[in-house]
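J.: kindly generate the corresponding structure for this input.
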Amino acid sequence: MTYKGKFRVWRGDAEGGDLQDYEVEVNEGEVVLDVIHRLQATQAPDMAVRWNCKAGKCGSCSAEINGMPKLMCMCRMNTFDEDEVVTVTPMRTFPVIRDLVTDVSYNYTKAREVKAFTPPADLKPGEYRMQQVDVERSQEFRKCIECFLCQNTCHVIRDHEENKESFSGPRFLMRIAELDMHPLDAADRQHQAQDDHGLGFCNITKCCTEVCPEHIKITDNALIPMKERVADRKYDPIVWLGNKIRRRA
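T.: Below is the predicted model of the structure:
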């Protein structure tokens, strides 16, 4: 089945732009990225769009479709009515380079700020030993494809540009939580999360979980447990007393 789909696509650059209307052929079984490619080929050869695998695994084609952060390659056209206008805009949280392409370098800066896996000093390479049960909890987070949709939808930085310097966002707080759960990681991840990466800014609205294309339970399985461990360390009276005794010793 083929029909003429109505698309409204944001065109412009860092200086500004607007939404432009197009009618483009849509075929059965296609996704939004297919239609954007056809639009490039037939009507707008200068349209900029970032993509790579078209299989939902590279995280490159992130955009906002009818206001919802999604991967264009995973958004099927049969989820829209034939007469519905499909609006495609760039991710709002990051600066626009051109058309649907945004500058996501903020995320790479935050990635570099996360301290790497730190094994105990007395263990040499080849001596790492752990049980599968000890790593199962954090394996879910390894599914992340770094599409940065969770970063885009997080209102802490989506609506407050000034927070970007002190808040790393759900993707990298999840990475810190993963390392904190690792049985052989010896770094103090809890202080890092709270003091260096802005864990306290997160108010667990679960918007990051809702847009994750890998269905990672970011809030429930990473951010909330990390917040609980930070709170225990800071406010638990027994932990407080133990810290006092150690400091006196």
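
J.: give me the number of residues near the closest residue in space to residue 151 that isn't next to it in sequence?
T.: If the residues on either side of it in the chain are set aside, residue 151 comes closest to residue 169, at 4.3 Å by C-beta to C-beta, 6 or more residues apart in numbering. For every residue, glycine as well, the C-beta is placed using N, CA and C. By other C-beta atoms under 10 Å, the residues close to residue 169 number 27.

J.: please apply the same query to the one 4 residues further on.
T.: Residues within reach of residue 173, counting by other C-beta under 10 Å, total 27.

J.: please report how far it lies from residue 225.
T.: 11 Å (C-beta to C-beta, to the nearest Å).

J.: cool, and residue 149?
T.: Where residue 225 is concerned, residue 149 sits at a distance of 22 Å (C-beta to C-beta).

J.: who's more crowded, the two?
T.: Remark: of residue 149 and residue 225, residue 149 carries more neighbours, 27 against 15, as counted by other C-beta under 10 Å.

J.: and that one, what does it touch?
T.: Contacts here follow C-beta atoms under 8 Å, 6 or more residues apart in numbering; on that basis residue 149 touches 62, 69, 70, 71, 91, 211, 212, 213.

J.: tell me if I'm right that the fourth one and residue 213 touch.
T.: In this case it means residue 71. Yes: contact between residue 71 and residue 213 holds when scored by C-beta atoms under 8 Å: they sit 5.2 Å apart.

J.: what touches both of these two?
T.: 56, 59, 147, 149.

J.: what helices and strands are in contact with the strand or helix carrying residue 9?
T.: With secondary structure defined by DSSP states H and E, residue 9 is part of strand 2-13. Under the contact criterion of 3 or more C-beta pairs under 8 Å, 6 or more residues apart in numbering; DSSP states H and E, strand 2-13 touches strand 16-27, helix 32-42, strand 85-89, strand 96-98.

J.: can you list contacts of the third one?
T.: Applying C-beta under 8 Å, 6+ apart, the contact partners of strand 85-89 are 5-10, 19, 21, 32, 35-36, 63-67, 72, 77, 80, 100.

J.: only alpha carbons, please: show the lowest-mean-pLDDT helix or strand in the chain as PDB.
T.: Across the helices and strands of the chain, the lowest-confidence element by mean pLDDT, DSSP states H and E is helix 237-248, at a mean of 78. Extracted in PDB, the C-alpha atoms of helix 237-248 (Å, rounded to 0.1, in the frame of the first residue of the first chain):
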ATOM      1  CA  PRO A 237      23.000   7.200  61.900                       C
ATOM      2  CA  ILE A 238      25.100   4.000  62.100                       C
ATOM      3  CA  VAL A 239      27.100   5.000  59.100                       C
ATOM      4  CA  TRP A 240      27.600   8.500  60.500                       C
ATOM      5  CA  LEU A 241      28.800   7.000  63.900                       C
ATOM      6  CA  GLY A 242      31.200   4.600  62.100                       C
ATOM      7  CA  ASN A 243      32.700   7.500  60.100                       C
ATOM      8  CA  LYS A 244      33.100   9.500  63.300                       C
ATOM      9  CA  ILE A 245      34.900   6.600  65.000                       C
ATOM     10  CA  ARG A 246      37.200   6.000  61.900                       C
ATOM     11  CA  ARG A 247      38.100   9.700  61.800                       C
ATOM     12  CA  ARG A 248      39.100   9.700  65.500                       C
END
